[in-house]
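Visitor: just the structure for this:
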Amino acid sequence: MLRQLLLCWTSVLVLFVIPSESALSSGCGKPLPSGFSPGETKSIQIPAANGQPVRHYKVHLSANFQNNRGHAIVFSFHGHNGDMDKQEDLSQLSEKGLLIDGAGIIAVYPKGKLGTDGQTAWQGAPYSAPGVDDIAFVNTVIASLQSTFCVDSSRIYATGKSNGAGFVNLLACTPWIAAKFAAFATVSAALYKTTFNGNCPTQRAVPVLDFHGTSDSVSFYYGGKVNGAFQVSADNFRQGWASRKGCQDKPTISHLSKGRDPQQLVEIQTWNSNCKGNSIVIGYKITRGQHGWPRTTLPAKCNGNFGTNDCTTTVFDATSSVIIPFF
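Guide: Numbering: from 1, shown residues only. Next up, the predicted model:
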């Protein structure tokens, strides 16, 4: 069933993004800058400018990276109090063998600024740093990557966890920056009603993929008050995207195979009928799932010890088996 779904998504999403020579960026054919090598991750700093602070992000070039063919960019945004290294470890986007349109990816791990509580955060949360324009930061990163590397500009994607996932939704709901992205994937999203209450002015048929555990005690699956502000439930988030795109009222429900998920704890909700522009919305409802990135192995930060949230495992790897095929 999962393979059938992936094939279905692929055929649908081909209608969104058709690579062409015109989509290739100005960085194509240039020699790699000093310090960059295929298969390696490098830190980059953006100087303070236009009233905005110094910013940082990391870039990982796939092991088979060639700067004379177009590569997709995948942004991965950390959660509240997260950092670049942990997000790279958690989301597994620097793993070998991840391909989009037959080519390795450029994985990007941006760093949020310290918010009102002294912890890193992204724009859109009640604790984010006032006056920090994270959307403009992302736009600057995209422009820099396009001028440095051979980027297939029709294949730029964003994913993130928790507050980072809430920021991904803010990107998707901001028309001028959303136009630069082909699809979005959110994990354990923290969607605060102060910045997102179902209103989303973008008119594009944006493909959206969402994962959320029903036992999430940080960003509640069913919504509620957190950090002094109310969050949107995962169901309302998904249904909202489907409704804005004119999809069917109720999703088609499927599950992973019983061989992989004997208890059928993972429910896959798909809206793909009558959607504008052949759009699609997919939600993974993970019964008893916690505030973690779905994966079958523990992140390195857990030191091999099972615990809560990110230090738990599920029956599938979200990145390699779902997010990358979706993109």
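Visitor: use CA for all of it now, contacts and neighbours both
Guide: Fine.
Visitor: just checking, what packs against the helix ranked longest in the chain?
Guide: Longest helix of the chain, by residue count under DSSP state H: helix 134-148. Here helix 134-148 touches no other helix or strand, going by 3 or more Cα pairs under 8 Å, 6 or more residues apart in numbering; DSSP states H and E.
Visitor: other residues contacting that helix?
Guide: Under the criterion Cα atoms under 8 Å, 6 or more residues apart in numbering, residues 25-28, 30, 32-33, 55, 112, 122-123, 151, 153, 171, 177 lie in contact with helix 134-148.
Visitor: just stretch 161-168 next, same as before
Guide: 76-80, 121-125, 158-160, 184-192, 219, 291, 293.
Visitor: so residue 76 lies in a strand, does it not?
Guide: Yes. With DSSP: H, G, I helix; E, B strand; the rest coil as the criterion, residue 76 is assigned to a strand.
Visitor: now do it against residue 311, distance only.
Guide: 19 Å (Cα to Cα, to the nearest Å).
Visitor: those two: who's more crowded?
Guide: residue 76 (28 against 22; other Cα atoms under 10 Å).
Visitor: I'd say that one and residue 89 touch.
Guide: No. The pair residue 76 / residue 89 is not scored as a contact, 10.8 Å apart, by Cα atoms under 8 Å.
Visitor: phi, psi of the residue positioned nearest the centre of the chain?
Guide: Note on the chain: the residue nearest the mean C-alpha position is residue 159, at 0.6 Å, using Cα atoms, centre = their mean. The phi/psi pair for residue 159 (degrees, to the nearest 10) reads phi -140, psi 170.
Visitor: now do residue 270
Guide: Dihedral angles for residue 270 - degrees, to the nearest 10 - are phi -130, psi 120.
Visitor: hang on, it packs against residue 253?
Guide: Yes. The pair residue 270 and residue 253 qualifies as a contact (Cα under 8 Å) at a distance of 6.6 Å.
Visitor: so those two - more neighbours on which side?
Guide: residue 270 (23 against 12).
Visitor: after the helix or strand bottoming out on mean pLDDT in the chain comes which helix or strand?
Guide: For the chain, counting by mean pLDDT, DSSP states H and E, helix 2-13 ranks last in confidence among helices and strands (a mean of 45). Later in the chain than helix 2-13, the nearest helix or strand by DSSP states H and E is strand 41-46.
Visitor: give me phi/psi at residue 220?
Guide: Residue torsions, per degrees, to the nearest 10, at residue 220 are phi -60, psi 130.
Visitor: number of nearby residues for it?
Guide: What residue 220 shows, counting by other Cα under 10 Å, is a neighbour count of 24.
Visitor: perfect, that will be all.
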